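Asks: Can you look at this prediction? I've put the sequence above it.
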Amino acid sequence: QKEVEQDPGPLSVPEGAIVSLNCTYSNSAFQYFMWYRQYSRKGPELLMYTYSSGNKEDGRFTAQVDKSSKYISLFIRDSQPSDSATYLCAMSAGNSGYSTLTFGKGTMLLVSP
Amino acid sequence: EAGVTQFPSHSVIEKGQTVTLRCDPISGHDNLYWYRRVMGKEIKFLLHFVKESKQDESGMPNNRFLAERTGGTYSTLKVQPAELEDSGVYFCASSHPGNYGYTFGSGTRLTVV
């Protein structure tokens, strides 16, 4: 069983839709949960960061962590064509500033105008 | 603030040749990481420097890979001799202990033919 499972997509939605991206994981030691956005030919860019369980909101983005179910989500409201990218979930057992990250494969999102 | 710089952006070499990848982290970031994405797989950890010391090199695939970090500044990753399975995108990232998450470079796309 992989440590982090993420549906690779692609996920195609019309502009303005609400997008839900998800990952499941198996390692109970994970405490820090991140979402990265990666545009083509670029490196991953940190989008959201959550410690332990709960919700975090930043503009159109909401990250949710349910440690009891080992399930994390990223919601994008009012999706825009510029949101088209690959979204990677990542996790670490220690503070992610200096801990190894375990990534999912990434979900490709396509938002059509 | 300048980002993490990697070069070359692309490299095509023949099996058995040597390639050296370079990473310049964000100034002042003590933590430097190398990650790799092989086609169809997740981004995977290779190693972690704290300043000039190797903190964790558990992800290095074999002794054909050698990483160095001169004076705690830039880092190089040498592959010698390269094999076909070494093809992939090599990402460098850096962080400060107080940061959440890393800042990634755009990666070096290595193709071994």
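Replies: On my side now, so go ahead.

Asks: What is the neighbour count of the closest residue to chain B within chain A?
Replies: The nearest approach of chain A to chain B comes at A:Gly43, 3.4 Å away (Cβ to the nearest Cβ). C-beta: built from backbone N, CA, C; applies to glycine. For A:Gly43, the count of nearby residues is 22 (other Cβ atoms under 10 Å in any protein chain shown).

Asks: just the one 3 residues further on next, same as before
Replies: The criterion is other Cβ under 10 Å. On that basis, A:Leu46 has 19 neighbouring residues.

Asks: Test of understanding: give the bridge partners of it.
Replies: A:Tyr36 (DSSP bridges).

Asks: per-residue confidence for it?
Replies: Looking at A:Leu46, its pLDDT stands at 93.

Asks: go on, A:Asn95?
Replies: So A:Asn95 comes in at 66 (pLDDT).

Asks: sorry, back to before: for the residue of chain A closest to chain B, list the residues it contacts.
Replies: B:4, B:91, B:93, B:104-107 (Cβ atoms under 8 Å, 6 or more residues apart in numbering or on different chains).

Asks: let's see it at 10 Å
Replies: With contacts defined as Cβ atoms under 10 Å, 6 or more residues apart in numbering or on different chains, A:Gly43 is in contact with A:36, B:3-4, B:6, B:35, B:43, B:89, B:91-93, B:102-107.
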